[in-house]
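Student: give me a 3D structure for the following:
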Amino acid sequence: MAETESNREWDIKIDEINFSHEVMFKETLDDVRLLKSVIKTWGRLNTLNPDVLIIDGYRYVADWAGFFWAKKNKKKIIRL
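Tutor: Below is the predicted model:
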């Protein structure tokens, strides 16, 4: 979603990530407007159309957007 959150100090070495990934927001995740987060998450899921969605929590509105997208599209949800 985003490279960092305001409550975390991650040292992410983007060039060392060896799998396909996308950072949707350059600002901290906490600074992303709720509607922007929902629209972008829903849009990316529509484009990617995954068979399974892994959701690691429900703290952010994007987690809920993914959950409802998966329910609407009858996709499997794995909750961590």
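Student: which residues of the chain score low on pLDDT?
Tutor: The model of the chain has pLDDT under 70 over residues 1-8.
Student: and the longest helix along the chain, what's buried?
Tutor: Longest helix in the chain by number of residues (criterion: DSSP state H): helix 34-48. Residues of helix 34-48 classed as buried by neighbour count (16 or more other C-beta atoms under 10 Å): 37-38, 40-42, 44-45. Just so you know, the C-beta spots here come from the backbone N, C-alpha and C atoms, and that holds for glycine as well.
Student: dump these into CSV; add distance to Lys74 as well.
Tutor: Shown next, in CSV, are the buried residues of helix 34-48 (distance: C-beta to C-beta, whole Å):
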residue, distance to Lys74
Ser37, 23
Val38, 20
Lys40, 22
Thr41, 18
Trp42, 15
Arg44, 18
Leu45, 13
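Student: what's the following helix or strand after the strand or helix carrying Ala65?
Tutor: Using DSSP states H and E, Ala65 falls within helix 61-72. Proceeding N to C from helix 61-72, the next assigned helix or strand is strand 76-79, under DSSP H and E.
Student: about what we covered before: and the angle from the helix holding Ala65 to helix 34-48?
Tutor: Put simply, helix 61-72 runs at 40 degrees to helix 34-48, going by axes from the mean of the first three to the mean of the last three C-alpha atoms, to 10 degrees.
Student: picking that back up, can I get the longest helix of the chain in CSV, CA atoms only?
Tutor: Provided in CSV are the C-alpha atoms of helix 34-48 (Å, rounded to 0.1, in the frame of the first residue of the first chain):
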residue,chain,number,x,y,z
LEU,A,34,-9.9,7.4,3.2
LEU,A,35,-11.8,7.7,-0.1
LYS,A,36,-8.6,7.7,-2.1
SER,A,37,-7.5,4.5,-0.4
VAL,A,38,-10.8,2.8,-1.1
ILE,A,39,-11.0,3.8,-4.7
LYS,A,40,-7.4,2.9,-5.5
THR,A,41,-7.6,-0.4,-3.6
TRP,A,42,-10.9,-1.4,-5.3
GLY,A,43,-9.5,-0.4,-8.7
ARG,A,44,-6.3,-2.4,-8.4
LEU,A,45,-8.2,-5.4,-7.2
ASN,A,46,-10.5,-5.1,-10.2
THR,A,47,-7.5,-4.9,-12.5
LEU,A,48,-5.6,-7.7,-10.9
